[in-house]
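Peer 1: generate coordinates for the sequence data below:
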Amino acid sequence: MADSHDPVSVWQAVLGRLEMEMPREHFNTFLRPSIGHDWHEGDLVVAAASSFAVSWLELPLHQAMAQEALAKTLGRPADIHYRAMPTVATGGEVDQGSDRVSVHAISAAPARRSRVPVPDDYDLGRNGSASGGYDWDAVNAATCDRRYTFDNFVVGESNQLAYHAAESISRSAQTPTGDDTSRGYNPLFIYAGSGLGKTHLLHAVGNRALEQERSVLYVTSEQFTNEFVSAIQRRATREFRDRYRGLDLLLMDDVQFLSGKEQTQESLFHTFNDLLQAGAQVVLTSDRAPHTIAPLEERLRSRFQWGLQADIQPPSLETRMAILHSWSAARNANAPESVLALIAQRVSRNVRQLQGAFNRIMAMAQLMNAPLTPEAVADQLDTIAGPDPRVDVTPEHVLETVGRHFRVSTEQILGRGRTATVAQARQVVMYLLNVELGMPPTSVGRFLSGRNHSTVIHGVERVRTGMDTDDRLRQSVSGIKASLFEEA
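Peer 2: Numbering: from 1, shown residues only. A predicted model of the protein is given here:
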């Protein structure tokens, strides 16, 4: 049975759904480098980057998630058959009869491999696994993704410090001596909530370094921990140390997951010291600032705080519009301004959700051969995220609701009083405006009688971390959110 739908576009729509359902590290490692390749008796054939990726994708849970997303996209059930096609996954072309579809033309471009090999003296088995059963190919799978560059990172007031610091590091690396200012950015510690662009910047730094033919390794803290445990089991800790300490650039994602892993923290501490003493650059990301990661060895926390800490906040409406314009231009989609404005207004929490919504809407329009209208897009957004109650919530409404809950006046919250109740109410307002309504810190500060950017960030962090340990605060914030968004 043949299918008239373009397999590339169909798989793009499926990826748009899965990106919002799967953990980011799994999606980026195994799904993002894949491409819809062909149809076989009504089923979709998908090209994956390696046999290891195929094995992971064919696990029952992962297969079920993908097939459910495919059925929703096609409007009928269909199976997915994965094929290991490294040529496709490294930027070749897919031969589909008389049509040759360039992999470079689609947004799900493949990952680029770093230049850090498995040590020569490792005994690799037939599946590419080091002796002891650990799969070093799997460790290397999540390397610098060439889709993420400085050129396609949209800069706004919510992310400009992190962007300029990362870009400065990359420029200074072009000369042996580097730039004196950016050498103080070592390590560069970028922290932000999920889906706000910290991993994009991490890969952009790595890709720039790879262009300069420097030795680079991108790794998540989970992968670092797994390698370390495997090295201990195989009594190969010296090879583990050599693997990391011969780098020009170490990029580590999600370091908050090192919390509580004492032996791994000690190994990273020594690796960190060796790299800095050798003049290597280290860039780290986390979902929170170093001083709020707990439990974490104090000496490692101190190393994290040595260089520059840069936060990324949720993008403003203007930044979200700029991002959507950039994506629309990259696809030659010519999406109407009213459609982009609707997406920007409805999807405000982070860039990853924004991209998932945009990809799905563009793919569905292509599959259905239907014009993009605000009405059609609104229907799609309802199925993606449901009606957004935040649209009708104003900063003034937040201020009044928080004041009622804490039994303080709006004048007290906007004023300079520092009693415990007033200060906490003010910080909850900062948190809700920034995290729930997506207002950048500078805008929040202006609304709260001209408070500065750093004060707002501190207030947001106090509430965010306080909710982890303070049941009363967590219940207060939950109750206020329910009141705000249910009323809306």
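
Peer 1: pull the number of nearby residues for the nearest residue to residue 397 once chain neighbours are set aside.
Peer 2: Nearest residue to residue 397, sequence neighbours excluded (C-beta to C-beta, 6 or more residues apart in numbering): residue 484, at 6.7 Å. For the C-beta atoms, the positions are set from N, CA and C on the backbone; glycine is no exception. Residue neighbour count, defined by other C-beta atoms under 10 Å, stands at 21 for residue 484.

Peer 1: right, and residue 484 touches residue 432 too?
Peer 2: Yes. Using C-beta atoms under 8 Å, residue 484 makes contact with residue 432 at a distance of 7.4 Å.

Peer 1: anything in contact with each of these two?
Peer 2: Common contact partners of residue 484 and residue 432 (C-beta atoms under 8 Å, 6 or more residues apart in numbering): residue 398.

Peer 1: and the strands in the stretch 251-400 of the chain?
Peer 2: Remark: strands assigned in the stretch 251-400 of the chain by DSSP state E, counting those that start in this stretch are 281-286, 308-312.

Peer 1: got those strands as CSV, with distance to residue 356 and mean neighbour count columns?
Peer 2: As requested, the strands of the stretch 251-400 of the chain are exported to CSV (distance: least, C-beta to C-beta, whole Å; neighbours: other C-beta atoms under 10 Å):
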stretch, distance to residue 356, mean neighbour count
strand 281-286, 20, 25
strand 308-312, 18, 22
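
Peer 1: between these, which gets the lowest average pLDDT?
Peer 2: Least confident of those, judged by mean pLDDT, is strand 308-312 with a mean of 89.

Peer 1: secondary structure class for residue 191?
Peer 2: The three-state label for residue 191, taken from DSSP: H, G, I helix; E, B strand; the rest coil, comes out as strand.

Peer 1: tell me, how many residues neighbour residue 462?
Peer 2: Residues near residue 462, counting by other C-beta under 10 Å, number 18.

Peer 1: now residue 71: how far from residue 318?
Peer 2: As judged by C-beta to C-beta, to the nearest Å, residue 71 and residue 318 stand 38 Å apart.

Peer 1: how about residue 191?
Peer 2: When residue 191 is compared with residue 318 (using C-beta to C-beta), they lie 23 Å apart.

Peer 1: who has more neighbours, these two?
Peer 2: Per other C-beta under 10 Å, whichever of residue 191 and residue 318 has more neighbours is residue 191, with 24 against 13.

Peer 1: my guess is the more buried one meets residue 291, correct?
Peer 2: No. Counting by C-beta under 8 Å, residue 291 is not a contact partner of residue 191; they are 10.4 Å apart.

Peer 1: can you count the residues close to the closest residue to residue 186 other than its chain neighbours?
Peer 2: For residue 186, ignoring the flanking residues on the chain, the nearest one in space by C-beta to C-beta, 6+ apart is residue 307 at 4.8 Å. Neighbour count for residue 307, taken as other C-beta under 10 Å: 22.

Peer 1: what's the pLDDT at residue 307?
Peer 2: Looking at residue 307, the pLDDT reads 88.

Peer 1: give the contact list for it.
Peer 2: 184-189.

Peer 1: would TSV of those with distance to residue 37 and pLDDT be doable?
Peer 2: What follows is the contacts of residue 307, written out as TSV (distance: C-beta to C-beta, whole Å; pLDDT from 0 to 100):
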residue	distance to residue 37	pLDDT
184	48	65
185	42	85
186	43	87
187	41	90
188	39	94
189	40	94
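
Peer 1: quick one: low-confidence parts of this protein?
Peer 2: Within the chain, the stretches with pLDDT under 70 are 1-4, 25, 86-143, 172-184, 384-391, 486-488.

Peer 1: domain ranges for it?
Peer 2: Annotated domains of the chain cover 7-93, 136-312, 331-386, 391-487 [automatic domain parsing].

Peer 1: so which of these comes closest to residue 323?
Peer 2: Nearest of these to residue 323, taken as C-beta to C-beta: domain 136-312 at 4.6 Å.

Peer 1: picking that back up, what's near enough to touch the residue nearest to residue 397?
Peer 2: 389, 393, 397-398, 401, 432, 436.

Peer 1: now do residue 271
Peer 2: Residue 271 neighbours (C-beta under 8 Å, 6+ apart): 241, 244-245, 250.

Peer 1: and for residue 414?
Peer 2: 399, 448-449.

Peer 1: residue 307 versus that one, what's the distance?
Peer 2: According to C-beta to C-beta, residue 414 and residue 307 sit 36 Å apart.

Peer 1: do residue 324 as well
Peer 2: Applying C-beta to C-beta to residue 324 and residue 307 gives a distance of 33 Å.

Peer 1: same question for residue 144.
Peer 2: According to C-beta to C-beta, residue 144 stands 21 Å off from residue 307.

Peer 1: same check, this time on residue 278
Peer 2: According to C-beta to C-beta, residue 278 and residue 307 sit 16 Å apart.

Peer 1: need phi/psi at residue 429.
Peer 2: Backbone torsions of residue 429, given as degrees, to the nearest 10, read phi -60, psi -50.

Peer 1: what sits against the residue lying closest to it once chain neighbours are set aside?
Peer 2: Using C-beta to C-beta, 6+ apart and skipping the chain neighbours, the partner closest in space to residue 429 is residue 402 (5.0 Å). Neighbour list for residue 402: 413, 425, 428-429, 432, 480 [criterion: C-beta under 8 Å, 6+ apart].

Peer 1: in the stretch 201-350 of the chain, which spans are helices?
Peer 2: Taking DSSP state H, counting those that start in this stretch, the helices of the stretch 201-350 of the chain run over residues 221-233, 237-245, 262-277, 298-304, 317-331, 337-346.

Peer 1: redo those helices as a markdown table? Include distance to residue 359.
Peer 2: A markdown table is the format used below for the helices of the stretch 201-350 of the chain (distance: least, C-beta to C-beta, whole Å):
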| stretch | distance to residue 359 |
| --- | --- |
| helix 221-233 | 26 |
| helix 237-245 | 35 |
| helix 262-277 | 35 |
| helix 298-304 | 34 |
| helix 317-331 | 8 |
| helix 337-346 | 11 |
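
Peer 1: wait, which of the ones you listed is closest to residue 468?
Peer 2: helix 298-304 (16.9 Å).

Peer 1: what are the boundaries of the strands in the stretch 51-200 of the chain?
Peer 2: Under DSSP E, counting those that start in this stretch, the stretch 51-200 of the chain gives strands at 80-84, 93-96, 99-102, 188-192.

Peer 1: so for the first one, what gets flagged as buried?
Peer 2: If I follow you right, that is strand 80-84. Going by neighbour count (16 or more other C-beta atoms under 10 Å), the buried part of strand 80-84 is 80, 82.

Peer 1: partner strands of it and their direction?
Peer 2: strand 43-48 (parallel) (DSSP bridges).

Peer 1: same check on the last one?
Peer 2: Looking at strand 188-192 with DSSP bridges, its paired strands and their directions are strand 281-286 (parallel), strand 308-312 (parallel).

Peer 1: to residue 381, which of those lies closest?
Peer 2: Going by C-beta to C-beta, the one of those nearest residue 381 is strand 308-312, 24.1 Å.

Peer 1: tell me how far the closest one lies from the chain's centre.
Peer 2: Averaged C-alpha coordinates place strand 308-312 at 15 Å from its chain's average position (C-alpha atoms, centre = their mean, to the nearest Å).

Peer 1: and the end-to-end length of stretch 24-43?
Peer 2: Using C-alpha to C-alpha, to the nearest Å, the span of stretch 24-43 from its first residue to its last is 26 Å.

Peer 1: mind listing what's buried in it?
Peer 2: 24-25, 27-39, 43.

Peer 1: again, but for stretch 399-410
Peer 2: For stretch 399-410, using 16+ other C-beta under 10 Å, the buried residues are 399, 401-403, 406, 408.
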